[in-house]
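1. Structure of the sequence below:
(one chain, ligands or ions: 1)
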Amino acid sequence: MPATASPAQSSASDVAVRHDWKRSEIDALFALPFNDLLFQAASVHRAHFDPNAVQVSTLLSIKTGACPEDCKYCSQSGHYNTELEKEKLLEVARVVEEARAARDKGASRFCAFLYGRRLA
Ligand code: SF4
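-> Presented below is the predicted three-dimensional model:
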């Protein structure tokens with residue numbers, strides 16, 4: 001879709017999933033007014049997914065604080081006193097219990113984080 005196209009001009013080809021983008025086409029996307037870009041993105045989404053479906057995800061930090069890395073901006077780093085309460089690595093049984101509880105509450109995705117890094 002050209003950068004100047006109005007939302008009313010969307011067509012089936014505009015919502016096709018593409019893997020052959022040219023740099024100039026990508027530049028044109030970045031140049032779009034925000035609401036036009038939002039409309040195009042929503043059009044593609046609606047063409048391929050239930051527009052009102054929401055995936056329920058549950059996140060669990062299985063190890064908080066005392067990360068061995070030295071990222072100066074991060075409160076998880078064990079190199080600094082960030083006043084973050086450090087926790088031991090959760091037992092596998094506890095993680096499984098939490099995952100089952102999340103599933104029972106309707107979550108279809110369960111993400112375990114280690115110091116803020118996604119594991120699964
Ligand atoms: S949790 Fe990530 S960002 Fe924070 S200190 Fe560890 S590696 Fe760095």
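2. quick one: low-confidence ranges for this protein?
-> 1-13, 116-120 (pLDDT under 70).
3. tell me the domain boundaries of it?
-> 7-48, 57-118 (automatic domain parsing).
4. ok, how many other residues are close to residue 41?
-> Here the number of neighbours of residue 41 (other C-beta atoms under 10 Å) works out to 12. C-betas here are computed from N, CA, C, even on glycine.
5. actually residue 105, not the one I wrote
-> 9.
6. ditto for residue 50
-> Using other C-beta under 10 Å, residue 50 has 8 neighbouring residues.
7. For the chain, which segments count as strands?
-> Secondary structure of the chain by DSSP state E: the strands cover 57-63, 109-114, 117-118.
8. Out of the ones you listed, the one nearest the ligand is which?
-> Each of the strands of the chain has some distance to the ligand by C-beta to the nearest ligand atom; the shortest is strand 117-118, at 5.9 Å.
9. Just give me the longest helix of the protein.
-> As assigned by DSSP state H, the longest helix anywhere in the chain is helix 34-48.
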